[in-house]
Structure formats: C-alpha cells, structure tokens
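S.K.: Fold the stuff below for me.
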Amino acid sequence: MRTRRVAVELDIDSIARQAATIHDVLRRWRVPSSDRADIVQEVLLGAWQSMRAGRFQPRPGVPDTVALKRWIVGISWRHASHHVTRAHRRYEVLVPSAGSLRQDHAPAPLEQVEARKALGDLRRVAPRFRAVLALTAQGYTIAEIAAALGHNPNTVWNRLRLGRRWFRRVRRRWRMALPVQMSW
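M.R.: Residues are numbered from 1 along each chain as shown. Below is the predicted model:
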C-alpha cells in the first residue's frame, strides 16, 4: 500500500537558504553570470508560490531539508534549461541588406538540413567563441573583430582557435550520436 504524500509548507527563509544551490545549478548549466541573479529570484519566488499552493509534497521518511533541496534543484534545472531557449537569449546575426541576397537561388533541401544542424551545433559553443566564429564567417579580419569586441588581437586568435576546436568536437559528438546515416 502506498503512503499518501502530504503537502508541507515551510517558511520563506528555508527556501531562501537554497540560493547557493540554485546558483550552482545555473553555473553548471552555463547560464551567464549577468542573468543568474534574475533567475535565482524567479526560482525562489516560484518555489515559494508553489509551496503555498501545496505542490511541495516530500516523500514520507525523507527529511524536509533534503526534500526541499531536491525540489529546488528540479525547479532550478527547469528554469536553466528553458532560459537558454528564450528569444532574448538566442544569438542572432543581422543581415545588412536582405535585397542583396540572390532570390533566384535556393540551396538543395539536404544542404538546408545540414546548415540547420550546423547552426544548432554552433549554439552549443560558448558565446565568447561563437561571436568570433560568426564574425570570421562573415568575412571580418582579426583586427576588425578585435576592434569591434574591444579585445587584443591575440585574444581573438586564441578564441577563434578554441572556438573551431569546440565546434569540431560538438559536430563530431553529435554525428556519432546519430543513427547510421544513409547515403543517397
């Protein structure tokens, strides 16, 4: 026979003491440090509201502090995973003039699929490397990128090298994870 879980309500201070745990989860999910304080606040507020609504129901026999930490980690994990997909966090590159693109040429469907996969893989590269990779792909020189980003040219060279390495690893890892590819 299953024991019925009972909603437990703790005070706001016990939830607030979990801020370090929330920061740790956000750091592991590589949420930028500039956004962490806002997400910590969202998690704490959401956890408190959920607890008041009776959604914190620890298993019998599990201490409240342990159950609370596990519950907070789950909420933090969901917030962090959704944070990276929000529109204001996506890396978008503006095209200078849409009229300059050739309208009579469209890539083959398989090329479009491969390009989408490559862009998806590029999102897995750290933003500091991704910015240098994107500007290099647009044809900017190292000196121009260094001036635009306010970095030393040697730093830009290093980020380009590390970004290319990271991108190759991501592409290789995801290619190995895919099922056997069919040759047409």
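
S.K.: so what secondary structure elements neighbour the helix or strand of the chain with the lowest mean pLDDT?
M.R.: Ranking every helix and strand in the chain by mean pLDDT, DSSP states H and E puts helix 109-122 at the bottom, with a mean of 81. In terms of contacts (3 or more C-beta pairs under 8 Å, 6 or more residues apart in numbering; DSSP states H and E), helix 109-122 is packed against helix 127-137, helix 153-177. For the C-beta atoms, the positions are set from N, CA and C on the backbone; glycine is no exception.

S.K.: Tabulate the CA atom coordinates of that helix in PDB.
M.R.: Provided in PDB are the C-alpha atoms of helix 109-122 (Å, rounded to 0.1, in the frame of the first residue of the first chain):
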ATOM      1  CA  PRO A 109      16.900  20.600 -49.300                       C
ATOM      2  CA  LEU A 110      19.700  18.300 -47.900                       C
ATOM      3  CA  GLU A 111      22.000  21.300 -47.800                       C
ATOM      4  CA  GLN A 112      19.400  23.300 -45.800                       C
ATOM      5  CA  VAL A 113      19.100  20.500 -43.300                       C
ATOM      6  CA  GLU A 114      22.800  20.300 -42.900                       C
ATOM      7  CA  ALA A 115      23.000  24.000 -42.400                       C
ATOM      8  CA  ARG A 116      20.300  23.900 -39.800                       C
ATOM      9  CA  LYS A 117      22.200  21.200 -37.900                       C
ATOM     10  CA  ALA A 118      25.400  23.200 -38.100                       C
ATOM     11  CA  LEU A 119      23.700  26.300 -36.700                       C
ATOM     12  CA  GLY A 120      22.200  24.200 -33.900                       C
ATOM     13  CA  ASP A 121      25.600  22.800 -33.100                       C
ATOM     14  CA  LEU A 122      27.000  26.400 -33.200                       C
END
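
S.K.: Tell me what angle it forms with helix 153-177.
M.R.: 120 degrees (axes from the mean of the first three to the mean of the last three C-alpha atoms, to 10 degrees).

S.K.: Pull out the buried positions in helix 109-122.
M.R.: Within helix 109-122, the residues scored as buried using 16 or more other C-beta atoms under 10 Å are Asp121, Leu122.

S.K.: Kindly report the same for stretch 69-78.
M.R.: Within stretch 69-78, the residues scored as buried using 16+ other C-beta under 10 Å are Trp71, Ile72, Val73, Ile75, Ser76, Trp77.
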